[in-house]
Structures are given as structure tokens and as C-alpha cells.
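Chemist: I'd like to go over a predicted model; first the sequence, then the structure.
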Amino acid sequence: MSEGSRRTVIMAREVGFCFGVKRAINLTRQALAERNNVFILGDLVHNKRVTDELEEKGLRKIEDYGNEKSGTMIIRAHGLPKVRLQEAKNRGVDVVDATCPIVLRAQEAAQMLERDGYQVVIIGDSNHAEIKGILGALENPALVIDSIEELHEAKKSYRLLRKVGVIFQTTHALELCNSIVNEMLMMCKEIRIINTICRPVQNRQDDALELAGKVDLMIVVGSRTSANTVELAALCRYHNPNTIQVQNADELELRDLDGFRVIGIASGLSTPEDLVEAVRVKVVTSELEPAAAS
């Protein structure tokens with residue numbers, strides 16, 4: 001194959017783990033090295049390779065800590081409602097808090113808005129662990145919305161008040177949040193907004209979207225259980241319909257590359273860098289004809 005017919009692969013500026021994920025993994029590894037009976041509610045991060053590795057080192061994943069009266073509980077990177085955290089401490093369980101510092105700041109922002117008399121409105125996925133942690137940090141119920149349709153429904157059912165304080169799920173896309181806030185401005189008398197979107201997340205999204213607009217095919221690497229990865233793929237797909245998401249190199253079919261010359265690669269925040277590199281290598285080596293090595 002001639003040099004002129006080779007594919008061009010362009011990597012996003014940042015791939016692999018974000019700071020919060022690295023911190024959570026390092027804290028968990030340290031706890032496993034120093035302590036016995038280490039367990040966690042749910043997954044530390046949304047990546048099976050990572051969770052499998054930690055479980056091999058001894059981390060127990062549990063659904064309920066009701067029977068746990070000793071040992072060490074890891075708080076996942078997405079955080080945990082404070083009432084559940086206190087319950088564990090009351091049982092005599094040690095706690096290693098691996099909550100991302102940016103998620104903690106979002107919890108603190110919600111608490112401040114509540115203290116100042118605002119109805120707390122969180123723009124995000126109500127089923128996401130991070131949102132459940134923020135809700136658990138508040139004294140009163142908050143309103144969680146994730147679309148303009150949900151916003152209109154909240155207004156129609158009198159759940160949206162006239163004085164609201166708005167925060168965002170830290171991994172949400174800014175353009176989605178902006179569209180909801182702009183609509184909200186027409187519905188509420190007073191709005192206070194605290195931008196809790198993670199800046200590294202925003203930078204990655206901006207970079208990936210710029211890259212998606214330049215390439216023939218965009219590949220986003222990461223777990224389908226990772227909300228930020230799924231959202232990143234959806235955003236890229238909006239700007240470039242030729243966007244696919246794969247969890248690893250094994251999922252990438254060579255026929256997926258047919259007809260595409262310039263290929264971009266980005267990743268979710270909880271995707272190990274070596275998984276991204278394996279995808280890059282597969283794309284590059286797919287161009288080499290078997291006879292070329294002889």
C-alpha cells in the first residue's frame with residue numbers, strides 16, 4: 001500500500017483517565033494494599049476493565065452495607081448521599097472517600113443555594129450516581145431535569161418555582177445545559193446559576209467536537225455504562241454522523257473503517273489510556289497489507 005493511500009489518525013489532545021478517576025483508583029489501590037475487608041457500593045468508575053482489576057486485588061462490590069459492621073468502605077468517584085455515609089460510620093465502618101473533588105464542589109454549591117432560599121434545580125440525569133449523591137446532600141427535595149420537555153412538564157405541574165438556583169451534573173454538555181437554562185429564563189422570576197460543569201470535561205468535549213468536524217470517521221472509546229462517554233459520542237455524532245463508540249479494540253470491526261481516510265479518536269473520562277492506544281494501533285495496522293512485511 002502506498003504512503004499516499006494510508007489513513008491518517010488524529011488523536012484528541014487528552015485521552016485516558018481524568019484527575020478524579022485517577023485519584024479514586026489510587027485511593028482504592030492504597031486501601032487494598034494496607035487494609036483487609038475493603039468493599040464498595042456499586043462500581044468505583046464506569047469501566048469494567050478497571051473494576052475487574054480492583055476486584056481481583058480484593059475489592060468486594062456489595063449492593064447493601066446493612067450487614068457490614070467492620071472493614072473499609074470506599075466511596076465511589078460519583079459520591080454517596082450523606083445519610084448513607086453517616087449510617088456506615090455509625091456501624092463502625094471505616095470510610096475512604098474517593099468522591100471526585102469537583103463532584104464535592106457541586107454538592108456544596110447545591111447546599112449553598114438551598115441555604116439561601118432557592119429551589120435547587122439540577123440539570124442532569126436523575127438516575128446517575130452523582131445526582132443521587134447531590135440529592136442526598138440536601139435537606140429538601142430538588143428538581144432534576146434533563147431536557148426542555150421535562151422543564152415544561154415541571155412548570156405545568158407546578159413543580160418549578162419562581163426563585164430557583166441551578167447547578168449542572170459535572171459531566172454534562174454545556175450546550176444542552178445552556179438550552180435548558182435559556183428556556184428557564186422565560187419561566188422564573190429569579191434565577192441564580194452556579195456552573196458546576198467540570199472544566200476538564202468541557203475541554204475534552206470542545207476538543208472532541210472540533211476534531212469530529214475535521215475527520216471522516218470519529219471513534220469514541222469507552223464503556224457504554226459511562227454516561228460521559230455515551231454523551232461524548234452523541235455530541236460527536238451530532239457534528240459528524242460518522243461517529244462510532246467502542247469499548248475496546250476487540251469491538252472495532254475493520255469494516256467500520258471502510259471508506260474513511262481521516263479518523264479521529266477520543267475517549268471517555270474513565271477509559272484506561274492503554275485501551276485507547278490499542279484502538280489507535282488497530283486502526284493504523286489495519287492499513288498494512290499482509291504482503292507488505294515480506
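Modeler: Yep, that arrived. No experiment lies behind these values; they were computed from the predicted model shown.
Chemist: going by C-alpha atoms from here, please, whenever you check contacts or count neighbours.
Modeler: Fine.
Chemist: okay, domains of this structure per the record?
Modeler: 3-17+200-293, 19-99, 102-197 (automatic domain parsing).
Chemist: report the mean per-residue pLDDT for the second one.
Modeler: Translated: domain 19-99. Across domain 19-99, pLDDT averages out at 89.
Chemist: again, but for the last one
Modeler: Throughout domain 102-197, pLDDT has a mean value of 94.
Chemist: output the domains of the chain as CSV; include the columns mean neighbour count.
Modeler: Shown next, in CSV, are the domains of the chain (neighbours: other CA atoms under 10 Å):
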stretch, mean neighbour count
domain 3-17+200-293, 19
domain 19-99, 17
domain 102-197, 18
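Chemist: helix, strand, or coil at the residue nearest the centre of the chain?
Modeler: Against the mean C-alpha coordinate of the chain, by CA atoms, centre = their mean, the closest residue is Asn228 at 3.5 Å. Using DSSP: H, G, I helix; E, B strand; the rest coil, the structure places Asn228 in helix.
Chemist: next: the one 4 residues further on.
Modeler: Here Leu232 takes the helix state, with states given by three-state DSSP.
Chemist: using the three-state scheme, assign the closest residue to it other than its chain neighbours.
Modeler: Distances taken as CA to CA, 6 or more residues apart in numbering place Gln205 nearest to Leu232, at 6.5 Å, with adjacent residues excluded. What three-state DSSP gives for Gln205 is helix.
Chemist: any idea how far Arg6 is from Gln205?
Modeler: Note on Gln205: its distance to Arg6, by CA to CA, to the nearest Å, is 28 Å.
Chemist: again, but for Leu269
Modeler: 30 Å.
Chemist: ok, now Leu32?
Modeler: Relative to Arg6, and taking CA to CA, Leu32 is found at 46 Å.
Chemist: just Gly268 next, same as before
Modeler: The value you get for Gly268 to Arg6, if CA to CA is used, is 27 Å.
Chemist: what do you get for His46?
Modeler: His46 is 34 Å from Arg6, by CA to CA.
Chemist: and if you look at Asp207?
Modeler: 24 Å.
Chemist: try Leu185
Modeler: 51 Å.
Chemist: cool, Ala33 as well?
Modeler: Ala33 is 46 Å from Arg6, by CA to CA.
Chemist: how about the helices in the stretch 101-250 of the chain?
Modeler: Along the stretch 101-250 of the chain, counting by DSSP state H, counting those that start in this stretch, helices occupy 101-115, 129-136, 148-156, 174-184, 199-212, 227-239.
Chemist: do you know how far Asn67 is from Ala278?
Modeler: Taken as CA to CA, the span from Asn67 to Ala278 is 41 Å.
Chemist: right, I mislabeled it, should have said Gln245
Modeler: With CA to CA as the criterion, Gln245 and Ala278 are 14 Å apart.
Chemist: what's the answer for Pro241, then?
Modeler: Relative to Ala278, and taking CA to CA, Pro241 is found at 23 Å.
Chemist: can you check Gly165 too?
Modeler: 44 Å.
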